[in-house]
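Trainee: generate coordinates for the sequence data below:
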Amino acid sequence: MEVGRIERTVKVCWGTNNHSANLLACGTDAEHLDASFNTSSTLEIFTFDHSLHQQPLASLDMQSRFNSLVWAPPSQARSHGILVGGLDDGSLQVLDASAMINKQSCTLASTKPHSGAVKALGINRKQPHLMASGSRNSEVFVWDLNRPDTYLLPGKHTSPLNTITSLAWNNAVEHIICTSSDTGLATLWDLRESRPIRDFMDNHQGQFVPTSLAWHPEEATRLVIASDSDKVPVIQAWDLRNARAPLHELSAHSKGVTGLDWCPSDASMLYSCGKDHRTICWDPFASEEARYISELRRARDCVTQVKWCPTAPGMAATASFDGSVRVFSVESEDPVPPTPLPESSLQPHGHLHPPKWLKRPVGTVLCHGDLAVSFTAKSNHVTVKQFNFDQAKDTQVFELLEAIGSTGTEALELFCDKQATAVPQLSQIWQCIKSCLSEQPRQQQIALLGFSVESLQHALQSLSFANSEAQLDSGVVQGSSVASSRFTSLLDTSSGSYEDCVVSAVCLGDFNDAIEAALKRQDFGAAFMLAVLGGNDLLEYVKTAYFDQQQAIPAMCRVVSEGAWMDLANTCPVYQWRRCLACLLTYAPADLMADVAQVLAKRLEAADTIEYRVAACICNLCAGNDATLLSNCEQILSLSFEEAQQQHQETAQDIARGDDLAWHIAFQVMAIAATFRKVTSIQRGGGYQDTSDLFISSVLNVASSTFGYCSADRAVQLVQYCLQGVGANAIPSHLNELYNVIMFSSSGAVAPVQFGGPVQIQQQQQQQ
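Mentor: Numbering: from 1, shown residues only. From the prediction side, this is the model:
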């Protein structure tokens, strides 16, 4: 189904990460001229959400038109990645996408290394800072986008010299590149050996002219090569373990094939487009009758390009000479009547190929008699197991429902206290949830982190200030005598001493030199006082010098003074997470707290210990983030169980305990999800705002695991409560079915349940 269109004749490429997945870059196509013979060139970035916005987000005039366009993934320095254009005049334009969007200077490099038009560009999937370019005279260059002003040769130019028509990096072996040329020859290059290692071709007596190729996303030796010759409009499927001839050919196009693109989410789906105005989806290495999958709506002219969106499964964009760029949703595509093919060709069979991203990894159907039928994607077997209803576990679910169903906060606080005592590993998390119910949650959370005014005063009293106190007492006693004698000390300085130089500079009004002398002496007290006299510029200068010290007090003063909360979260030692979070709770504004705390939480998660996982959960709770809260809680309990297992040998009793652990994990994660949802509702005045896929998926999966341990009605109540205010319409399509069958189960009928997603629950039952 077509979901968006803009009127442009361009080369296209998608943004390559979640941050820029809704962005589509378009550069004026060098192979097309309009009736006015206009040769101007423009690079534009369009926004795509539910439709393709007609006005570009950013636009940049170029000196030449595009033969190729790629978008490299983001890096720490380039939040939207790098756009690289191969132009018709032989130049390469390397652009910072973030700067372009922000209307800033965006050119990172502009170089012209090739002797002709740059026909092909390719980004290394394993090392995305590496790029290859191809042009005429067999020129193949390898670039490091971190240093785009220089390039390397993968080896000596092939002979005879020809024009490189396409190239691609191997998706599994990062040092292998394949190129194709206008002579029909395909060449494998090994960057480690700096030479071509194999040539192969099957050019149909010189009529096969390859213009595009694509490596299999998963298998290192398989690739497809397409010909844009109208005499041989075929796609060759190769397995290079036998490079003498292709395995077979795909021949549904009636004219030359102009482009190929493999789906990054499903290796069994390949798009091809051609001069016959068609865009066809294939499973190129399937059996003959199953290779043709489907076809998109035809264009009005030659389709020059087709590109899958790398981060949104089922979305693809096409560009054609009819002057349009169209975006399609593959999942909701309207059936296209198949075009009759020659008798020697395979017969298309329509939409009979479910995409891999819709496939269930595992599923369970629960029915009468406490029986469960389950399956997994890794096996063709179906397993029948029996569940045992547990009254104690049913009581736990009832207590949870009673707490979250109460009108006040007292029942919730009591439930949190009980869970904090029952589950030591999650005690701090439950206390943090409880603190969110107080009138001043930030102060309560700071206290939970171990910081209070009382403890600070006690620590200060234990410090020794003997010399300072003696000097202070002396000044108090002497009173006016000290005041009368302090100017006398101006005359009591040794010639050429530090004090003498500073005093002399002040006498001359030379505050710059006086401050420089104080800074060299590390006398910041004097430097600040002199800067106050010297003006705001000198004060800022001294402040910067003070902050630049690699010491704790100046560093903390700088964070608070400049509001550098993100720097603090990114650079503080992980073991000082409590101090960092306490500082954020004290000073960070509410609108930044969630993002900054999430950065700190991710650093804590990377440590992958129970202590730091708990810390990550506390960061998420303090910031109101539930994006990773549930999966972290599950990991904490799982790691606790693994550590306990390592301390003693596994026995039959341990195995039984493992079965209880599955319920223990499921219930705790469900309880945290439900209570945090309740707390969030209270804080927001009764409304729900979070409809994230991860939260909904976690709620549905964990709630469904309560079947077999408690009554179906109670499990349904949990789901209904947690998703209250979200509504079935806001639930992602891949979770809608699960939601509906859980709701249906309240009638006492069969209740299908899907496990998986962010929380993996393994239950151990006796096979019947």
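
Trainee: secondary structure class of residue 530, three-state.
Mentor: Of the three states, residue 530 takes helix under DSSP: H, G, I helix; E, B strand; the rest coil.

Trainee: right, and it touches residue 513 too?
Mentor: No - Residue 530 is beyond contact range of residue 513, at 10.0 Å (criterion: Cβ atoms under 8 Å). Placement of C-beta: from N, CA and C, glycine included.

Trainee: of these two, who's got more company?
Mentor: residue 530 (24 against 14; other Cβ atoms under 10 Å).

Trainee: from residue 561, how far out is the more buried one?
Mentor: 19 Å (Cβ to Cβ, to the nearest Å).

Trainee: equivalent analysis for residue 209, please.
Mentor: In this view, residue 209 and residue 561 are 65 Å apart by Cβ to Cβ.

Trainee: who has more neighbours out of the two?
Mentor: Remark: of residue 209 and residue 561, residue 209 carries more neighbours, 21 against 12, as counted by other Cβ under 10 Å.

Trainee: need the contact list for the more buried one.
Mentor: For residue 209, the contact set (Cβ atoms under 8 Å, 6 or more residues apart in numbering) comprises 165, 182, 184, 227-229, 232, 256.

Trainee: neighbours of the closest residue to residue 32 other than its chain neighbours, how many?
Mentor: Nearest residue to residue 32, sequence neighbours excluded (Cβ to Cβ, 6 or more residues apart in numbering): residue 9, at 4.6 Å. Residues lying near residue 9 (other Cβ under 10 Å) number 21.

Trainee: contact partners for residue 9?
Mentor: Counting by Cβ under 8 Å, 6+ apart, residue 9 touches 28-29, 32, 34, 319-321, 323.

Trainee: can you select the buried ones from the residues you listed in ChimeraX?
Mentor: Buried members of these, identified by 16 or more other Cβ atoms under 10 Å, are gathered into one ChimeraX selection as follows:
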select :28,29,32,319,320,321,323
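
Trainee: which one in the contacts of residue 9 is the model shakiest on?
Mentor: Minimum pLDDT across these is recorded for residue 34, with 75.

Trainee: from residue 321, how far off is that residue?
Mentor: 10 Å.

Trainee: same for the host helix or strand of residue 61, what does it pack against?
Mentor: In the assignment (DSSP states H and E), residue 61 maps to strand 58-62. Judged by 3 or more Cβ pairs under 8 Å, 6 or more residues apart in numbering; DSSP states H and E, strand 58-62 is in contact with strand 41-47, helix 97-101.

Trainee: got the angle between the first one and strand 58-62?
Mentor: Taking axes from the mean of the first three to the mean of the last three Cα atoms, to 10 degrees, one finds that strand 41-47 is oriented at 170 degrees with respect to strand 58-62.

Trainee: show me what strand 41-47 pairs with in its sheet, parallel or antiparallel.
Mentor: Sheet pairing of strand 41-47 (DSSP bridges) gives strand 23-28 (antiparallel), strand 58-62 (antiparallel).

Trainee: need the helices for the stretch 551-700 of the chain, in chain order.
Mentor: Applying DSSP state H, counting those that start in this stretch to the stretch 551-700 of the chain gives helices spanning 552-562, 565-571, 577-587, 590-607, 610-623, 629-646, 652-683, 693-704.

Trainee: pull out the buried residues from the second one.
Mentor: So that's helix 565-571. Judged by neighbour count using 16+ other Cβ under 10 Å, the buried positions of helix 565-571 are 565, 568-569.
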